[in-house]
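> Pasting the sequence and the predicted model now:
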Amino acid sequence: MITVERNVPSIVPDFGDTKPTTRKLAIICSKGTLDMAYPGLILANAALGEGVETHLFFTFWGFDIITKARLDHLKFTLLGNTATHVPQGFGGLPGMTAMTTHQMKKQIADVGVPDIREMLGQIVDSGGHLWGCRMSADMMHIDENDLYEPVEGIISAADFIEKTEGAQLLFI
Amino acid sequence: MSVATINGTEFHVDAEGFLTDYDQWDQALAEDLAQAIGIELTPRHWEIIAFLREDYLAEGETPTLRRTAAGTGISIKQLFELFPGKPGKKMAYIAGLPKPRGCV
């Protein structure tokens, strides 16, 4: 056997390989607007890139994010969102939501962030877990066939809590 | 800025150990950096490293995982296999570049 002597740098970054991480992140996505879908997906993606086991639970309006027929059509509205600093009356004008949605999608694309479908794909490719909420599915008469394929299952809140034992939890 | 010593040669690095001088990097050094974090470089790894260095020169910033996957045709899944745990940071480290700062 030949042993090759390698030179080890005197400063090596800590990538966490010496102490296996038990860190877990659970993200509950409860909103179905375009602007409220991204935060959970971006954080999930960031956590996965840091080697953190990540589970997303889609519930109530958040179900739109993983519903095949809807995930490409999430919208952004001025209504009820004072942070746009536009008089609320404008938000109700015909075509306004379509316009603001188009504008936000463009801004998101401009910073190199993919659309919702691609974001979900990237999360799954990075080892993330997607779960649908049983109660929401029953309420909306949705089953697995209606969902983005990589969703692992429709589970109860209790199941999700069990799967994410010890996880840090984020409700969006 | 700190200095890391490898085989008697000094390299400029940041507080964590990432190289700060693009031109101090060469392939032999990459081998040592990879070895230090437990990665044995294969042709696939080299392909990625070459893309990272080229893209950094062109864009002035370390490409993210998504950009690297798009630029090399190597899937994100494979990037996680080649650089396990924290692929974005590990790739950057071996390629002698700063950590990627993009979110996606």
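That came through fine. Just so it is clear, the model here is predicted, and its values are computed rather than measured.
> gap between the spatially most central residue of chain A and A:Gly128?
Geometric centre of chain A, nearest residue: A:Leu41, 2.3 Å, by CA atoms, centre = their mean. A:Leu41 sits 9 Å away from A:Gly128, going by CB to CB, to the nearest Å. From N, CA and C alone the C-beta is placed, and that goes for glycine too.
> Overlap of the contact sets of the two?
Shared contacts of A:Leu41 and A:Gly128 (CB atoms under 8 Å, 6 or more residues apart in numbering or on different chains): A:Leu56.
> Around chain A, which positions in chain B sit nearby?
B:2, B:4-7, B:11, B:13, B:16-18, B:31-33, B:35-38, B:64-67, B:75-77, B:80, B:84-90, B:93, B:102-104 (CB under 8 Å from any CB of the partner chain).
> Weed out the non-buried ones from those.
B:4, B:6, B:11, B:13, B:17-18, B:31-33, B:35-37, B:64-67, B:76, B:80, B:85-90, B:93, B:104 (16 or more other CB atoms under 10 Å in any protein chain shown).
> so who does residue 49 touch?
No chain was given, so I picked chain A. Going by CB under 8 Å, 6+ apart, A:Gly49 touches A:Ser126, B:Leu65, B:Lys86, B:Pro87, B:Gly88.
> Wait, chain B was what I had in mind.
With contact set as CB under 8 Å, 6+ apart, B:Ile49 has these partners: B:Ala30, B:Leu41, B:Met91, B:Ile94, B:Ala95.
> swap in A:Asp64?
A:Gly32, A:Ala37, A:Arg70, A:Leu71, A:Leu74.
> same thing with B:Met91?
B:Ile48, B:Ile49, B:Leu52, B:Thr68, B:Leu79, B:Phe83.
> Narrow these to those in helices?
Among the contacts of B:Met91, the members falling in helices (DSSP state H) are B:Ile48, B:Ile49, B:Leu52, B:Thr68, B:Leu79.
> Distance of the second one relative to A:Val86?
Counting by CB to CB, the separation of B:Ile49 from A:Val86 is 47 Å.
> cool, the first one as well?
In this view, B:Ile48 and A:Val86 are 44 Å apart by CB to CB.
> what about these two, which has more around it?
Legend: neighbour count by other CB atoms under 10 Å in any protein chain shown for B:Ile48 and A:Val86, higher for B:Ile48 (26 against 13).
> need the contact list for that one.
If you count contacts by CB under 8 Å, 6+ apart, then B:Ile48 has B:Thr68, B:Thr72, B:Ile74, B:Leu79, B:Leu82, B:Met91, B:Ala95 around it.
> Taking those together, which two end up most distant?
Comparing every pair within the contacts of B:Ile48 by CB to CB identifies B:Ile74 and B:Ala95 as the most remote, at 14.1 Å.
> May I have the distance across stretch B:94-104, first residue to last?
End-to-end distance of stretch B:94-104 (CA to CA, to the nearest Å): 20 Å.
> Was I right to think A:Thr101 contacts A:Gly95?
No - A:Thr101 is not in contact with A:Gly95 according to CB atoms under 8 Å; the separation is 10.5 Å.
> Those two - which one has more neighbours?
More neighbours surround A:Thr101 than the other of A:Thr101 and A:Gly95, with 18 against 7 (other CB under 10 Å).
> Show the average pLDDT along the host helix or strand of A:Phe57.
Using DSSP states H and E, A:Phe57 sits in strand A:53-58. In this model, strand A:53-58 has a mean pLDDT of 97.
> swap in stretch A:30-39?
For stretch A:30-39, the mean pLDDT works out to 96.
> One more: stretch A:96-106?
Stretch A:96-106 shows a mean pLDDT of 96.
> Name the strands paired with the lowest-mean-pLDDT helix or strand in chain B and say parallel or antiparallel.
Least confident helix or strand of chain B, by mean pLDDT, DSSP states H and E, is strand B:2-6 with a mean of 76. In the sheet, strand B:2-6 lines up against strand B:9-13 (antiparallel) (DSSP bridges).
> Grab the two from the contacts of B:Met91 that are most spread out in space.
For these, the farthest-apart pair by CB to CB is B:Ile49 and B:Leu79; their separation is 12.0 Å.
> still on that earlier bit, the contacts of B:Ile49 in strands, which ones?
Judged by DSSP state E, strands contain none of these.
> Closest to A:Gln122 out of the residues you listed?
Closest to A:Gln122 out of these is B:Met91 (16.0 Å), distances taken as CB to CB.
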